[in-house]
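Colleague: With the sequence up front, the predicted model follows.
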Amino acid sequence: MKIRIPEYYKDFECIGGECIDTCCAGWEVDVDKKSSAYYKSVEGTFGDRLRSMLVDYPVEDRFILQDNARCPFLNDRNLCDIYSELGKDKLCETCTNFPRHITEFGNTREIGISLSCPIAAELIMKRTQPIKFEMYENDEKISGYNDIDAGLYYNLCAARETAYNICQNRDLQINHRAVLFLDFAAALQKKIKSSGLSGIISDYKDETFIRSRLNKLINKYSKYRKADISLLEWLDTYKSLEHIKNEWPVMLSDAEEYIKKGMPNAENSAILIHKRDYEYEHLLVYYIYRYFLRAVFDDRLFEKAQLACAALIMQELSGMAWYDKNNDFSFVDQITIMRIYSKETEHSEENLEELYTQFHKKKAFSCKSIMGILLGSNLGA
Ligand code: SF4
């Protein structure tokens with residue numbers, strides 16, 4: 001099996017009981033059927049406790065959550081009783097894997113770590129250099145090929161490299177890179193079912209082409225005047241999602257209030273925020289790595305680009321609102337917002353699906369609107 005990982009992956013280590021936002025609270029713990037069957041077979045008092053906390057569901061079973069949505073096996077020292085009673089190898093798949101995200105494409109498995117974990121977020125964001133990826137092979141036999149179109153897969157792999165290059169082009173400011181990336185994804189989407197992807201990829205590799213394209217987009221969208229209205233509509237959408245942590249609605253209300261006040265101090269906070277453009281660059285690269293290639297399963301590439309740009313915009317907006325409220329915006333504040341956003345949007349299948357649905361339905365999430373927000377609002381001040 002070929003394994004692809006981001007270069008920071010090997011440095012990740014869970015800090016368990018020391019964690020400020022343990023992944024063992026706040027959401028459902030899905031228990032795969034194999035682990036569930038094993039837990040039901042454990043003898044003695046601990047087996048009784050396991051059985052009393054398991055509920056059967058069709059695909060995966062679940063533990064009954066306790067107060068504050070804590071896993072029933074998370075003890076008062078924030079350590080896992082299943083780990084200490086039965087051993088690390090007896091954790092269910094969810095707990096073994098988290099915060100790793102894993103996607104398989106034929107004989108290639110891509111693994112990363114999620115921004116919803118505070119340690120992962122810090123590890124990713126503290127790098128100043130552009131993030132690179134590594135590939136190695138292990139002896140694992142491929143258990144089953146997924147049904148993907150090989151031609152499309154290789155084209156999307158090449159397109160993803162170009163997308164990384166656009167987003168890691170440090171000669172351009174971050175919102176300009178995001179606009180070019182979105183524009184690239186829109187062009188690819190139009191041809192995804194034909195054989196025209198390689199021509200588009202060549203165009204967006206060409207420095208002269210992308211400069212001229214960017215100038216056209218800046219001319220077209222820098223006078224966009226509906227950004228505030230669109231952003232308020234975005235916030236309504238985010239508010240309507242099921243929420244996991246109480247910090248999330250507070251963050252959304254702060255952002256709403258900030259827009260309604262006319263985004264004061266926008267220039268100062270934007271300067272402070274954009275001093276660390278590379279953190280936003282890593283954010284885009286994270287989303288591209290995690291989602292872009294999944295278009296091979298559903299042909300829906302543009303929505304993956306919308307997801308990445310939405311994360312960037314929400315991060316910028318929330319950062320500016322944070323600065324306005326606290327007169328400061330530190331690295332810790334930055335990764336706090338990223339962690340909250342990731343937890344709420346990436347770790348609920350329902351929320352992610354709802355976001356994709358709204359991306360297709362609402363004009364506020366259209367290509368035009370996203371470009372207008374990125375180029376014509378105070379976010380780019
Ligand atoms: S969120 Fe990350 S550091 Fe915290 S307990 Fe989970 S894996 Fe460990």
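Modeller: Yep, it's here.

Colleague: ok, which residues in the stretch 51-200 of the chain are in contact with the ligand?
Modeller: Within the stretch 51-200 of the chain, the positions near the ligand by C-beta under 6 Å from any ligand atom are 98-99, 117, 119. All C-beta atoms are positioned from the backbone trio N, CA, C, and that covers glycine.

Colleague: chain center to stretch 218-229, what's the gap?
Modeller: Relative to its parent chain, stretch 218-229 has a centroid offset of 26 Å by C-alpha atoms, centre = their mean, to the nearest Å.

Colleague: got the contact list for that stretch?
Modeller: 176, 179, 259, 263, 364, 368-369, 371-379 (C-beta atoms under 8 Å, 6 or more residues apart in numbering).

Colleague: ok so, going back, would you list the residues of the stretch 51-200 of the chain next to the ligand in CSV and tack on pLDDT?
Modeller: Below are these laid out as CSV (pLDDT from 0 to 100):
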residue, pLDDT
Phe98, 88
Pro99, 91
Cys117, 95
Ile119, 96
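
Colleague: top of those by neighbour count?
Modeller: Each of those was scored for neighbours by other C-beta atoms under 10 Å, and Cys117 scores highest at 24 neighbours.

Colleague: thought that residue was touching Arg100?
Modeller: No: contact criterion C-beta atoms under 8 Å: Cys117 and Arg100 do not qualify, at 9.3 Å.

Colleague: Closest residue of the stretch 51-200 of the chain to the ligand?
Modeller: At 3.3 Å from the ligand, Cys117 is the closest residue in the stretch 51-200 of the chain, using C-beta to the nearest ligand atom.

Colleague: Quick check: phi and psi on that residue?
Modeller: phi -90, psi 130 (degrees, to the nearest 10).

Colleague: Contact partners for the closest residue to it other than its chain neighbours?
Modeller: Counting by C-beta to C-beta, 6 or more residues apart in numbering, Cys117 lies nearest to Pro99, which is 3.6 Å off, once chain neighbours are set aside. Residues in contact with Pro99 (C-beta under 8 Å, 6+ apart) are 12, 14, 23, 113-114, 116-117, 120.

Colleague: And the helices in the stretch 101-250 of the chain, which stretches?
Modeller: Here the stretch 101-250 of the chain has its helices, by DSSP state H, counting those that start in this stretch, at 118-125, 150-167, 174-191, 197-205, 207-221, 227-240, 247-260.

Colleague: From the chain's centroid, how far away is the fifth one?
Modeller: For helix 207-221, the gap between its own C-alpha mean and the chain's C-alpha mean amounts to 27 Å (C-alpha atoms, centre = their mean).

Colleague: try the first one
Modeller: Here helix 118-125 shows a centroid-to-chain-centroid distance of 13 Å under the convention C-alpha atoms, centre = their mean.

Colleague: Touching it from outside, list them.
Modeller: By C-beta under 8 Å, 6+ apart, the residues outside helix 118-125 that reach it are 6, 8, 11-15, 19-21, 99, 113-115, 131, 279, 282-283, 286, 331, 334-336, 338-339, 342.

Colleague: out of those residues, which are buried?
Modeller: Among the contacts of helix 118-125, those classed as buried by neighbour count (16 or more other C-beta atoms under 10 Å) are 6, 8, 12, 21, 99, 113-115, 131, 279, 282-283, 286, 334-336, 338-339, 342.

Colleague: circling back to that earlier point, next, give me the two most distant ones among the contacts of stretch 218-229.
Modeller: Farthest-apart pair in these is His176 and Ile259; separation 22.3 Å (C-beta to C-beta).
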